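1. Sequence first, predicted model second:
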Amino acid sequence: MTSFPDPDGVVPLLRRGTVMVVVMAPGATPEDVARVVARVEAAGGETFVSTGVSRTIIGLVGDVDAFWQLDLRALPGVAAVHRISDPYKLVSRQHHPERSTVWVGSGERRVPLGPGRFTLIAGPCAVESAEQALEAAHIARSAGASLLRAGAWKQRTSPYAFPGLGVTGLEILARAGEATGMPVVTEVVDPRDVPVAAEHADMLQVGSASMASVGLLQAVAETGRPVLLERGHTATVEEWLMAAEHIAQRGNLDIVLCERGIRTFEPTTRTTPDLVAVPVAQAASHLPVVVDPSHAAGRRDLVVPLARAAIAVGADGVAVDVHPHPEDALCHGPQALHGAELRELARAVRRLPAALGRQDTPAAYPRS
């Protein structure tokens, strides 16, 4: 048996091919896990165990037909047993045929992201001041947003661009979320900042430039916070899902995928929004999928048309930039919505999902 954290021991097993996954119930004991491992290894199989904050997952390598004969599902503490052939095993719909809903926030501030709903995520690209963040939060809420997003650390192309306010920005963002009743989402770019980000934010974002950073993926997974995982500009859908698998292997399946454009030959927009990736990813994975039209296009005039298109192709939500004074924004002002464009977005968010049979996500749900 190999247990995390021990990536050097796990990788050889993964390359040889995991054929089954045993998902333990949240209340499973170490003895329950050991019982599964012992039964598999007695049958000549190999195991690796990933223990997360809320659940433990056991990967099995060996003779799948022999494993089925073990009747592992009947053992104490076992929630489910799945045969897997996709290279991304835990996030695959082979593992979980029904699409998942991810809940963000706690107590009276809980928001669902998933099938049958449409969720608007909005906020300024970066926290600039307490006044700016609070005003932007109220603007986002008025447009129908139920999750507030903003960056405390910004991964910028230029070393001279605004890098964010760091921990001060986190504290400001948390207060803006409390004041408006919205759970908050923020990007983390350095694994060393993950613990403090998890203290202040309800959901951690891994940006497109960090999608392949295994250390960061593992660090955010181990906080137990839901993760918003952006697709890299040059990543295939399979590579995107494999990045999600790194998070899932740490026992955290509360992952939301975010499509925000891929790099092509077209220079008119910052990237080319790949809306076909939404149904493709939804067919391959049980994870919710949202679209970020603001960062994909980089142009305010394209955000609302792309948001409408995202709703039409079945996205579970969109994430957009808003700002009280876009002309003065320290980060991506030309793509931030305000005024007429924001009102147009609010109308689209209010009408289109309902026309397609999906319910709007209110600001918070009581704990069931």
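-> Alright, I've got the coordinates.
2. need the contact list for the closest residue to Ala28 other than its chain neighbours.
-> Closest residue to Ala28 apart from its sequence neighbours, by CB to CB, 6 or more residues apart in numbering: Gly77 at 3.3 Å. C-betas here are computed from N, CA, C, even on glycine. Neighbour list for Gly77: 24-25, 27-29, 32-33, 35-36 [criterion: CB atoms under 8 Å, 6 or more residues apart in numbering].
3. taking these one by one, which sit in strands?
-> Counting by DSSP state E, the part of the contacts of Gly77 found in strands is Met24.
4. Name the member of the contacts of Gly77 with the shortest distance to Pro159.
-> Relative to Pro159, the closest of those is Met24; by CB to CB it sits at 45.4 Å.
5. ok so, going back, and the pLDDT at the residue nearest to Ala28?
-> You'll see Gly77 listed with a pLDDT of 94.
6. ok, back up a step: just the buried ones from the contacts of Gly77?
-> Buried members of these, counted by 16 or more other CB atoms under 10 Å: 24, 28, 32-33, 35-36.
7. buried sites along the helix or strand hosting Gly215?
-> Secondary structure from DSSP states H and E places Gly215 in helix 214-221. Within helix 214-221, the residues scored as buried using 16+ other CB under 10 Å are 216-221.
8. elements contacting it?
-> Judged by 3 or more CB pairs under 8 Å, 6 or more residues apart in numbering; DSSP states H and E, helix 214-221 is in contact with helix 194-200, strand 203-206, strand 227-230, helix 237-248.
9. among the ones you listed, which is nearest Arg99?
-> Closest among those, using CB to CB: helix 237-248, at 13.9 Å.
10. Convert the helix or strand following the closest one to CSV, retaining C-alpha atoms only.
-> Where DSSP H and E defines the elements, the next helix or strand beyond helix 237-248 is strand 255-259. The C-alpha trace of strand 255-259 is given here as CSV (Å, rounded to 0.1, in the frame of the first residue of the first chain):
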residue,chain,number,x,y,z
ILE,A,255,-13.9,21.2,-8.0
VAL,A,256,-15.4,23.6,-10.5
LEU,A,257,-13.8,23.9,-14.0
CYS,A,258,-13.5,27.3,-15.6
GLU,A,259,-13.1,27.9,-19.3
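11. Show residues contacting the very next helix or strand once past strand 255-259.
-> Toward the C-terminus, strand 255-259 is succeeded by helix 277-284 as the next helix or strand (DSSP H and E). With contacts defined as CB under 8 Å, 6+ apart, helix 277-284 is touched by 86, 88, 92-93, 99, 231, 237-238, 240-241, 257, 259, 287, 289, 291, 310, 313-315.
12. circling back: would you mind getting the angle between the helix holding Gly215 and helix 237-248?
-> Inter-element angle recorded for helix 214-221 and helix 237-248: 50 degrees (by axes from the mean of the first three to the mean of the last three CA atoms, to 10 degrees).
13. For the nearest residue to Val21 once chain neighbours are set aside, list the residues it contacts.
-> Nearest residue to Val21 in three dimensions, chain neighbours excluded: His82, at 4.9 Å (CB to CB, 6+ apart). Contacts for His82 (CB under 8 Å, 6+ apart) come out as 20-21, 23, 94-96.
14. Could you check how far the residue nearest to Ala28 is from Val22?
-> Going from Gly77 to Val22 by CB to CB, to the nearest Å gives 10 Å.
15. so what's in contact with these two at the same time?
-> With CB under 8 Å, 6+ apart, Gly77 and Val22 have common neighbours Val36.
16. Show me where the stretch 251-368 of the chain has its strands.
-> Using DSSP state E, counting those that start in this stretch, the strands of the stretch 251-368 of the chain run over residues 255-259, 289-291, 317-321, 359-360.
17. And the ones you listed: which comes nearest Pro334?
-> With CB to CB, the closest approach to Pro334 among the strands of the stretch 251-368 of the chain belongs to strand 317-321: 9.7 Å.
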